[in-house]
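In: predicted model, plus sequence, below.
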Amino acid sequence: MPRHTENDINLISYLAALCLTFSIIESSLPHALPFLRLGLANIPLLWALDRLGKRDYLLLCLIKWLLSSVISGLIASPFALVALSGSAASALAALAVYSCASRWVSLYSVSAVSSFASGAAQLAASSLFLTGQVMRLLPLVLAFNTVSGLITAFVALHLEPAESIEIDQGCGKEERGRGWILALHALGLLAILLNDSLILLALSFLLSLLLCRLSGRRIRMWFYLAGFVCVVFFNLLVPSGRVLWGPVTSLALYEGVSRGLRLIALTALSQPLAGLDPGGKGLLARTLAIHGQLSQTFFSSEGTLPRRVRAALEQRVFRQSTAGGKRESLAAALPVNLLLAALCLLSLALRQM
Amino acid sequence: MIRARALDFVIIPLLLAAPFLMLPWSGGSSESVRIQCEDGIYVYPLSQDRTVTVRGPAGNTVVKIESGSVSIIWSDCPNRTCMSGSVSRYPGTLVCLPNRVIVTVEGNGGDVDAASY
């Protein structure tokens, strides 16, 4: 495997940082429905096609998925799995179309095909949690994704990233002590995955919310509520068990509530992980440093939206300074983490019985 | 790459048309088994194998759903005529009169099933 030069690493982390920044820009724009996204974060992936080799392109997609899941605080939740399948499908589709037919197709086709593939893969992955009924949405999702893919390509063709960038290396310091917190967190996740009791699941959701509060994450109750209701609704579409009232059947309701609780508990527990800093000078740390400065440029510049985006894209020099300070907030949550770990042991014991 | 190229005029219309071609297919006709007995109504998907025991005035009736068809495998009734045969599609019905159990297969996309039956 060829070694990456300093320039390669800079380019990959710059493009990955652009993905994260576009994603923030998109979520700062007004949108019709919270879950419908145009996918502006994919613009840098389109730029990457003729700038990176295949292997680096896949690496870029992986980093984009990883960091955007971590930053949005969803890394350990089922949402990350859905996003991963979407990212993988769209990366492979884009590579396939681009490398096989780049002579006969424009970026519009590449983008539309990859967005199409991503929609299909995401829906297939979410049918694992929401029952096969969710596949009924397939035509709607595919139509939306094709159009959004075309829009993404249009924007990508009308903007230009910086040709090359420079990074001022600060003194990257290795952070210590994260291992413990991560291990306790993993135990908490295990507790939620292994639990079948509704009470323990609800309890771990509440503990996870407490953890969010202690680590300074904003708690978006409507988000959890919407996720929960959505899971219950789709599970009720496949009736199973005693008819309680109208279309509501006992087993389907139980299954829906337990899946819904598991989803929101995993999501809440993922939130505090957003504060983790990879540390060091690697790809991830570099990406986060560039992303921070890009979004700062975007939000501090004035004028129309395209002007602000261009201002961010013109930035060529970045600094990598030592981060830190988030660790304390994670450590403050230690008692709750311990409680969650205890819950894990309890659920293991219950399973044994 | 900014101009549209030859294959674009094939790929993009195909992608735009695909969802509409899928519309009739995506209705999803999942059939379910409806068991009516003295203590209420139970509904289960026909596609999932399971055994259900319900109570009636004569005793227990055991309904088995297996590989897309449903049958009564045991009943505490005197003549046990309900234990002969199985049904696998709408509108199929199994009845155990003494134990007051009615098992019917229902189609989710009822209209289509009725038309093709």
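Out: Looks like it arrived, so ask away.
In: mind listing the strands for chain B?
Out: Ranges of strands within chain B are B:31-37, B:40-45, B:50-56, B:59-66, B:69-75, B:86-87, B:93-96, B:101-107, based on DSSP state E.
In: show me the one of those strands that comes nearest chain A.
Out: Nearest to chain A, of all the strands of chain B, is strand B:40-45, at 4.1 Å by CB to the nearest CB. Bear in mind the C-beta positions are built from the backbone N, C-alpha and C, glycine included.
In: tell me the buried residues in the closest one?
Out: For strand B:40-45, burial by neighbour count (16 or more other CB atoms under 10 Å in any protein chain shown) applies to B:Tyr42, B:Val43, B:Tyr44, B:Pro45.
In: pick out the most distant pair among those residues.
Out: Across the buried residues of strand B:40-45, no pair lies farther apart than B:Tyr42 and B:Pro45, at 11.7 Å, counting by CB to CB.
In: which residues of the stretch 151-300 of chain A lie near chain B?
Out: A:Leu157, A:Val238, A:Pro239, A:Ser240, A:Gly241, A:Arg242, A:Val243, A:Thr249 (CB under 8 Å from any CB of the partner chain).
In: picking that back up, just send the strands of chain B back as CSV, with distance to A:Leu60 and mean pLDDT too.
Out: Below are the strands of chain B laid out as CSV (distance: least, CB to CB, whole Å; pLDDT from 0 to 100):
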stretch, distance to A:Leu60, mean pLDDT
strand B:31-37, 46, 90
strand B:40-45, 42, 91
strand B:50-56, 47, 91
strand B:59-66, 48, 92
strand B:69-75, 51, 90
strand B:86-87, 55, 87
strand B:93-96, 59, 90
strand B:101-107, 48, 89
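In: could you redo those as JSON lines and give each row distance to chain A?
Out: As requested, the strands of chain B are arranged in JSON lines below (distance: least, CB to the nearest CB, whole Å):
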{"stretch": "strand B:31-37", "distance to chain A": "6"}
{"stretch": "strand B:40-45", "distance to chain A": "4"}
{"stretch": "strand B:50-56", "distance to chain A": "9"}
{"stretch": "strand B:59-66", "distance to chain A": "11"}
{"stretch": "strand B:69-75", "distance to chain A": "14"}
{"stretch": "strand B:86-87", "distance to chain A": "18"}
{"stretch": "strand B:93-96", "distance to chain A": "18"}
{"stretch": "strand B:101-107", "distance to chain A": "10"}
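In: so which of those strands comes closest to A:Leu288?
Out: strand B:40-45 (46.3 Å).
In: what pairs with that closest one, and is each one parallel or antiparallel?
Out: strand A:241-245 (antiparallel), strand B:31-37 (antiparallel) (DSSP bridges).
In: out of the ones you listed, which is the most enclosed?
Out: Highest mean neighbour count among the strands paired with strand B:40-45 (mean count of other CB atoms under 10 Å in any protein chain shown): strand B:31-37, with a mean of 21.
In: I'd assumed A:Phe318 was in a strand, is it?
Out: Yes. Looking at A:Phe318 with DSSP: H, G, I helix; E, B strand; the rest coil, it is inside a strand.
In: what's the separation between it and A:Pro278?
Out: 16 Å (CB to CB, to the nearest Å).
In: neighbour count for these two, which is higher?
Out: A:Phe318 (21 against 18; other CB atoms under 10 Å in any protein chain shown).
In: ok, that one touching A:Ile165?
Out: Yes. Between A:Phe318 and A:Ile165 there is a contact at 6.4 Å, judged by CB atoms under 8 Å.
In: need the pLDDT of the residue in the stretch 251-353 of chain A that chain B sits nearest to.
Out: Chain B sits closest to A:Leu251 of the stretch 251-353 of chain A, with a gap of 8.0 Å, by CB to the nearest CB. pLDDT for A:Leu251: 91.
In: gap between the helix or strand where it lies and the chain center?
Out: Assigned by DSSP states H and E, A:Leu251 belongs to helix A:250-270. With CA atoms, centre = their mean, to the nearest Å as the basis, helix A:250-270 stands 20 Å off its chain's centre.
In: how about stretch A:97-104?
Out: For stretch A:97-104, the distance to the chain centre is 29 Å (CA atoms, centre = their mean).
In: does chain B have contacts with that stretch?
Out: Yes. Applying CB under 8 Å from any CB, one finds stretch A:97-104 in contact with chain B at A:Ala101, A:Ser102, A:Arg103, A:Trp104.
In: quick one: contacts for the closest residue to B:Met83 other than its chain neighbours?
Out: Leaving aside its chain neighbours, B:Met83 sits nearest to B:Ile72 (5.3 Å; criterion: CB to CB, 6 or more residues apart in numbering or on different chains). Shown in contact with B:Ile72 (CB atoms under 8 Å, 6 or more residues apart in numbering or on different chains): B:Thr61, B:Val62, B:Val63, B:Lys64, B:Cys82, B:Met83, B:Leu94, B:Cys96, B:Val101, B:Val103.
In: list only buried entries from those residues.
Out: Using 16+ other CB under 10 Å as the burial test, the contacts of B:Ile72 include B:Thr61, B:Val63, B:Lys64, B:Cys82, B:Met83, B:Leu94, B:Cys96, B:Val101, B:Val103 as buried.
In: from the residues you listed, pick the one nearest A:Ala80.
Out: B:Lys64 (39.6 Å).
In: what separation do you get for that closest one and B:Arg34?
Out: From B:Lys64 to B:Arg34 the distance is 15 Å (CB to CB).
In: hang on, A:Ala83 is in a helix, isn't it?
Out: Yes. Counting by three-state DSSP, A:Ala83 is part of a helix.
In: find the nearest non-adjacent residue to A:Phe79, please.
Out: A:Thr267 (6.7 Å).
In: number of nearby residues for that neighbour?
Out: 25.
In: in this structure it contacts A:Gly227, no?
Out: Yes. A:Thr267 is within contact range of A:Gly227, at 6.7 Å (criterion: CB under 8 Å).
In: pretty sure A:Leu340 sits against A:Leu187.
Out: Yes. When contacts are counted by CB under 8 Å, A:Leu340 is listed as touching A:Leu187 (6.7 Å).
In: pick out whichever of these two has more residues nearby.
Out: In this view A:Leu340 and A:Leu187 are compared by other CB under 10 Å, and A:Leu340 has more residues nearby, 26 against 17.
In: and the more buried one, how far from A:Ile151?
Out: In terms of CB to CB, A:Leu340 sits 42 Å off from A:Ile151.
In: can you check A:Leu66 too?
Out: With CB to CB as the criterion, A:Leu66 and A:Ile151 are 25 Å apart.
In: again with A:Leu184
Out: For A:Leu184, the distance to A:Ile151 equals 43 Å [CB to CB].
In: neighbour count winner among those two?
Out: Neighbour count, other CB under 10 Å: between A:Leu184 and A:Ile151, A:Leu184 has more, with 20 against 16.
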